[in-house]
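>>> Okay, predicted coordinates and the sequence, questions at the end:
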Amino acid sequence: MAKKLKTKLDDIRKLSETDLRKELEEAHRRLFSMRLQRETRQLTNYQELPKMKRHIARLKTIEQQRQLARVGGQAPRK
């Protein structure tokens, strides 16, 4: 599990700023769509909701680290 998570984080860190923002927007759209499907009882896999929320949290964390690195002048953590 830890190795898979590390790979996801490495892939996210490799994204450029614009790609990271696009990925975050797409994740928010997918989460909205999944919530809508849940309420209309069309969602078949309910376990995807928390996974998507965690993915958004990871994206926001990387974005925040980059922003702090720009302001503080230090390299982002790995």
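Noted; the coordinates are in hand.
>>> list the buried ones in stretch 32-50?
The neighbour-count check on stretch 32-50 (16 or more other CB atoms under 10 Å) flags 34, 37, 48 as buried. C-beta coordinates here come from the backbone N, C-alpha and C atoms, glycine included.
>>> and residue 59, how many neighbours?
Residue 59: 20 surrounding residues under other CB atoms under 10 Å.
>>> Report the contact partners of it.
The contact partners of residue 59, taken as CB atoms under 8 Å, 6 or more residues apart in numbering, are 12, 20, 23-24, 27.
>>> what's the helix or strand containing residue 21 packed up against?
In this assignment (DSSP states H and E), residue 21 forms part of helix 17-39. When contacts are defined as 3 or more CB pairs under 8 Å, 6 or more residues apart in numbering; DSSP states H and E, helix 17-39 packs onto helix 48-72.
>>> Could you give the average pLDDT over the helix it packs on?
Throughout helix 48-72, pLDDT has a mean value of 93.
>>> Just the angle for that helix relative to helix 17-39, thanks.
150 degrees (axes from the mean of the first three to the mean of the last three CA atoms, to 10 degrees).
>>> Sort out which residues of helix 48-72 are buried, please.
For helix 48-72, a neighbour-count test (16+ other CB under 10 Å) marks 48, 52, 55-56, 58-59, 62-63 as buried.
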